[in-house]
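In: Provide a 3D model corresponding to the input given below.
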Amino acid sequence: MGVYFNKGAVKSKKEVQEQIDKMNSLYNDIVRHIHTMQNAQDYTIVRQLIRQFEGLEGVSRMQVSDLYNRLYDGLSILLQESQERQENLSEEVEKIQQRSFVENTSTLKELNVQSDELLFQYQLKLSQNRTKEGGRINRRIIGNAVKNCDRVHAIALSKLSLIPEYAELFTLKQRELLPERAKSAQQRMYEEKKQADLETAQKKLSSEYMVGFHLKTAVKQMNEVINGSQYFGGGSSE
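Out: This next block holds a predicted model:
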């Protein structure tokens with residue numbers, strides 16, 4: 001490492017050696033920090049160390065530029081790794097979103113047969129009330145049926161709500177409730193697990209996006225430092 005002292009300064013051999021040792025020690029410390037850098041927070045620490053090194057007497061611009069180039073290369077590698085993690089996490093989120101619950105065909109057939117029988121019974125019961133007062137009675141019948149329905153009844157009521165003649169008997173809230181009541185316990189557990197996995201993956205992806213954003217900012221700053229912009233001479237790590 002070259003050493004450049006002010007010509008007017010008079011230093012003993014010991015003082016010169018001490019200064020050289022100090023410079024070498026800090027230089028090597030900075031290089032180690034760059035090699036172990038993990039994120040933009042580490043980058044800020046390295047920037048501060050380089051500023052400290054730059055302020056030492058005897059340090060040349062070439063030595064400082066070398067450290068900045070090392071830092072730029074290290075940040076570029078971290079950014080590439082972050083982008084790869086983002087791609088992997090995006091794929092994971094997409095795979096989770098594509099998961100779907102598949103129920104046994106024989107179970108679905110049985111539910112369909114049973115719900116059709118119940119649908120006929122509902123139609124028969126509701127058809128007995130044709131008067132204006134009968135409409136209010138039918139809405140109460142539907143309300144109680146939705147409130148207390150099990151799975152097969154929920155399927156039958158869902159089918160009933162799609163028939164124009166009976167559609168007005170259902171409220172929006174009841175229409176939203178029926179598909180949930182029509183699910184099996186296994187399907188609910190499956191969807192709860194899917195939602196939990198999705199939220200976890202999305203949280204990781206969001207966090208990695210933020211890591212990438214800070215690294216991109218750091219890479220841009222270092223590019224400006226290396227090319228002699230307003231950041232030159234230490235720059236801003238904000």
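In: buried stuff in the helix or strand where Arg85 lies?
Out: When elements are defined using DSSP states H and E, Arg85 is found to belong to helix 61-98. Of the residues in helix 61-98, those buried by neighbour count under the rule 16 or more other Cβ atoms under 10 Å are 63-64, 67-68, 70-72, 74-75, 78-79, 82, 85-86, 89, 92-93, 96. Using the backbone N, CA and C atoms, a C-beta is placed for each residue, glycine as well.
In: I'd say Phe101 and Tyr190 touch.
Out: Yes. Applying Cβ atoms under 8 Å, one finds Phe101 in contact with Tyr190, separated by 4.7 Å.
In: Can you check the distance spanned by stretch 95-109, start to finish?
Out: Here the two ends of stretch 95-109 are set 29 Å apart, with distance taken as Cα to Cα, to the nearest Å.
In: Where does pLDDT dip in this structure?
Out: 1-11, 130-132, 134, 229-238 (pLDDT under 70).
In: any idea where the helices of it begin and end?
Out: In the chain, the segments counted as helices under DSSP state H are 13-35, 40-54, 61-98, 105-126, 132-147, 151-161, 164-167, 172-181, 185-226.
In: among those, which is the most enclosed?
Out: helix 151-161 (a mean of 21; mean count of other Cβ atoms under 10 Å).
In: ok now it, how far from the chain's centre?
Out: Here helix 151-161 shows a centroid-to-chain-centroid distance of 38 Å under the convention Cα atoms, centre = their mean, to the nearest Å.
In: what comes into contact with that helix?
Out: Taking contacts as Cβ atoms under 8 Å, 6 or more residues apart in numbering, the residues outside helix 151-161 that touch it are 111-112, 114-116, 118-119, 122-123, 142, 145-146, 149, 166-167, 169-170, 174-175, 178-179, 181-184.
In: hmm, back to that, which other helices and strands contact the helix holding Arg85?
Out: Counting contacts by 3 or more Cβ pairs under 8 Å, 6 or more residues apart in numbering; DSSP states H and E, helix 61-98 packs against helix 13-35, helix 40-54, helix 185-226.
In: Do I have it right that Phe53 meets Asn28?
Out: No. The pair Phe53 / Asn28 is not scored as a contact, 10.5 Å apart, by Cβ under 8 Å.
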